[in-house]
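S.K.: Sequence and predicted structure are below.
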Amino acid sequence: MKETPLNTNSKLIPLSFTNTLTRKKEIFVPIIPGKISIYCCGVTVYDLCHLGHARSYIVWDVLRRYLLWLGYEVRFVQNFTDIDDKILNKAFKEGSTMQEVSSKNIAAFHKDMDALGILRPDSMPRATKCLDSIRDLISELQDKGVAYESHGDVYFSISSCSEYGKLSGRDLTTQQKNADGRIEKHEEERKRNVLDFALWKSAKPGEASFPSSWGPGRPGWHIECSAMVREELGETIDIHLGGSDLVFPHHENEIAQSEAANDKELAHFWLHNGMVNVKGQKMSKSIGNFKTIRSLLESGVSPMTLRMFVLQAHYRKPLDFTDESLLATSTGWKGLNSALNFGNIYSKLLEWNKMNFVQDELEDKLKNSKSRFVNSMNDDLNTSGALSVLFELSKPLRSLAKKLELNEQLDLNKLENFSLFSRWNLLVELASSIGLYNEDDATSTPLMANSLKEEQIEKAILERKVAKNNKDFQKADKIRDFLKTHDIELLDKKDGITHWRYEPRS
RNA sequence: GGCGGCAUGGCCAAGCGGUAAGGCAGAGGAUUGCAAAUCCUUUAUCCCCAGUUCGAAUCUGGGUGCCGCCUCCA
């Protein structure tokens, strides 16, 4: 474990998370000191991902980055469910195969997640590539007498599991009553108990299938995760992640299977993220109230805006999506981003390139900011609180940028220049720890889709300058409006200099 | 019906018993050919009722309203 960057001057609260298993905030201690194993439930690859998925994976990316920043060695595994009814249906509709549909959507998933700046997991197992371990696990459960075969299907028997319901806090007797009539008849007849769930499903005629000792079929949904966790990370892991809609039945069943097979606790911590809502209702494919990540990015919403949008709310709470709230975040992000870019623009002018950033020499004020940031993050990932520290850190930098822009005569000594230098470095470091700063982004020119070439823009600016000098403001404004239609915004600075920037919708 | 969660200014959102962070919007100011952008300043007693306490947005009890899960779902 590398040295942690936590040299602050005040007491820090210990890293803790709300554990769904106990419904309490608990201090986090890894099984092996310095190392953390994480399994995150991935997507079923039948379609493009929407903002709800983005929230989930952004939040867990922030968790992972933060743990790395704290100095932990993290192994992060996330699966692809590439065997599923919805994929089969899609393949049938499109006249293609399950493999084609899933490959296409896995590629799309990577494209979207990369665009959002989400670190790729250390491993991304696919159900179709783990069939041996899945079948082995099912056999083990059968051997232990907690699973039974029925008409080519294999079911897990929940009555064999005394702790069933411990994650979701359910009581079997009421569940049973409510499950009545909600299960397909043929399935109900095959089960000993309506709540028993499939480990292996026999193939219907003509359906894609995989061989097994129970006959051709495919694995049930929950079993793949149990098999993958064990294969990739071992019998007991530190943290298991997923959306709150997976608590029951998916994670409950996963626990039942894994713990029955291994006689060991599956995960010490279960963290679940809240849903993205639209007008108070969960964003989902079935309701049709969703926005794909793709369409949001293509409409000009920046990845960092989306990240900040997600981080403004606590990860467990529902997050309401509206165009207005996204726009508000976009404006906020621009402000923070200008402070993050400050050093890249002014370091030469302020002679920062001659200075050295040393954590230990932070003045008290900055150490306090750092403590507040760390304490917020340590307190069950209070990203909203952490963000407020970033905004506070950014304020003096933004003020200074304004002064420099106005060409005010500044005495570098009176400026508390070193303090500002440290402030900027701290801001960048803390923002980086949650993925809100990317040096490449900061220095590269923005991608201008459907816009003008730089020469055209410069030429238009020159024309406008001539018009302005001739007091022909009508023509000058016309040129400005024209550029605006191409998402180019003009910024008149002191001394007749005009800057421009690419500024899509939000 | 069962289980879980939430209710803080115009909007979003922290707060975890000691006198309400932050963002957006609004207002005023600086700047500007007009703008835009930017910078400065500024705006709340926390759903209702009853309790515990020297002290509660924060704890307890009772309401009211909203949401999620119980079927595939991040």
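M.R.: Arrived safely, thanks for sending.
S.K.: Okay, buried residues for stretch A:112-125 please.
M.R.: Judged by neighbour count (16 or more other C-beta atoms under 10 Å), stretch A:112-125 contains these buried residues: A:112-113, A:116-119, A:121, A:124-125. From N, CA and C alone the C-beta is placed, and that goes for glycine too.
S.K.: ok, what's across the strand from whichever residue of the stretch 101-250 of chain A sits closest to RNA strand B?
M.R.: The minimum distance from the stretch 101-250 of chain A to RNA strand B, using C-beta to the nearest atom of the strand, falls at A:Gly243 (2.2 Å). Residues in a beta bridge with A:Gly243, per DSSP bridges, are A:Asn273.
S.K.: Report the contact partners of it.
M.R.: A:Gly243 makes contact with A:41, A:52, A:56, A:272-273, A:275, according to C-beta atoms under 8 Å, 6 or more residues apart in numbering.
S.K.: now swap in A:Trp60 and tell me
M.R.: Here A:Trp60 is in contact with A:38, A:40, A:241, A:273 (C-beta under 8 Å, 6+ apart).
S.K.: Same question for A:Ser394.
M.R.: Going by C-beta under 8 Å, 6+ apart, A:Ser394 touches A:335-336, A:338-340, A:427.
S.K.: helix or strand for it, which one?
M.R.: Assigned by DSSP states H and E, A:Ser394 belongs to helix A:383-405.
S.K.: Now look at that helix and say if it contacts RNA strand B.
M.R.: Yes. Interface with RNA strand B: helix A:383-405 contributes A:384-385, A:387-388, A:391-392, A:395, A:398-399, A:401-402, A:405 (C-beta under 7 Å from any atom of the strand).
S.K.: got the buried residues for that helix?
M.R.: So helix A:383-405, judged by 16+ other C-beta under 10 Å, has buried residues A:383, A:386-387, A:389-390, A:393-394, A:396-397, A:400-401.
S.K.: Turn those into JSON lines, including pLDDT and distance to A:Ile27.
M.R.: Listed next are the buried residues of helix A:383-405 as JSON lines, based on pLDDT from 0 to 100; distance: C-beta to C-beta, whole Å:
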{"residue": "A:Thr383", "pLDDT": "97", "distance to A:Ile27": "19"}
{"residue": "A:Ala386", "pLDDT": "97", "distance to A:Ile27": "19"}
{"residue": "A:Leu387", "pLDDT": "97", "distance to A:Ile27": "24"}
{"residue": "A:Val389", "pLDDT": "97", "distance to A:Ile27": "22"}
{"residue": "A:Leu390", "pLDDT": "97", "distance to A:Ile27": "25"}
{"residue": "A:Leu393", "pLDDT": "97", "distance to A:Ile27": "28"}
{"residue": "A:Ser394", "pLDDT": "96", "distance to A:Ile27": "31"}
{"residue": "A:Pro396", "pLDDT": "94", "distance to A:Ile27": "35"}
{"residue": "A:Leu397", "pLDDT": "95", "distance to A:Ile27": "35"}
{"residue": "A:Leu400", "pLDDT": "92", "distance to A:Ile27": "40"}
{"residue": "A:Ala401", "pLDDT": "90", "distance to A:Ile27": "41"}
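S.K.: Can you work out which other helices and strands pack against the helix or strand hosting A:Leu426?
M.R.: Using DSSP H and E, A:Leu426 sits in helix A:417-433. Contact here means 3 or more C-beta pairs under 8 Å, 6 or more residues apart in numbering; DSSP states H and E; on that basis helix A:417-433 packs against helix A:51-70, helix A:323-340, helix A:342-346, helix A:364-378, helix A:383-405.
S.K.: burial measure for A:Val77, as a count.
M.R.: As a burial measure, A:Val77 scores 20 neighbours (other C-beta atoms under 10 Å).
S.K.: Report pLDDT for it.
M.R.: The confidence metric pLDDT takes the value 98 at A:Val77.
S.K.: tell me the contacts of it?
M.R.: Neighbouring residues of A:Val77 by C-beta under 8 Å, 6+ apart: A:37-40, A:121-125, A:228-229, A:232-233.
S.K.: Show me those that map onto helices.
M.R.: For the contacts of A:Val77, the ones inside helices are A:228-229, A:232-233, with DSSP state H as the criterion.
S.K.: CSV for the contacts of A:Gly243, including pLDDT?
M.R.: Shown next, in CSV, are the contacts of A:Gly243 (pLDDT from 0 to 100):
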residue, pLDDT
A:Cys41, 96
A:Gly52, 96
A:Ser56, 97
A:His272, 96
A:Asn273, 96
A:Met275, 95
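S.K.: one step back: if you look at the contacts of A:Trp60, which of them are in strands?
M.R.: Counting by DSSP state E, the contacts of A:Trp60 place A:38, A:40, A:241, A:273 in strands.
S.K.: of those, closest to RNA strand B?
M.R.: The closest of the ones in strands among the contacts of A:Trp60, once distances to RNA strand B are taken by C-beta to the nearest atom of the strand, is A:Asn273, at 5.8 Å.
S.K.: Tell me who's in contact with the spatially closest residue to A:His250 that is not a sequence neighbour.
M.R.: Closest residue to A:His250 apart from its sequence neighbours, by C-beta to C-beta, 6 or more residues apart in numbering: A:His222 at 5.8 Å. Residues in contact with A:His222 (C-beta under 8 Å, 6+ apart) are A:197, A:199, A:249-250, A:253-254, A:257.
S.K.: Could you pull up the contacting residues of the residue of the stretch 1-150 of chain A found nearest RNA strand B?
M.R.: Residue of the stretch 1-150 of chain A nearest RNA strand B, by C-beta to the nearest atom of the strand: A:Gly52 (2.3 Å). By C-beta under 8 Å, 6+ apart, the contact set of A:Gly52 is A:243, A:275-276, A:282-284, A:290.
S.K.: With secondary structure as extra columns, can I get the residues you listed in TSV?
M.R.: Shown next, in TSV, are the contacts of A:Gly52 (DSSP: H, G, I helix; E, B strand; the rest coil):
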residue	secondary structure
A:Gly243	strand
A:Met275	coil
A:Val276	strand
A:Lys282	strand
A:Met283	coil
A:Ser284	coil
A:Phe290	coil
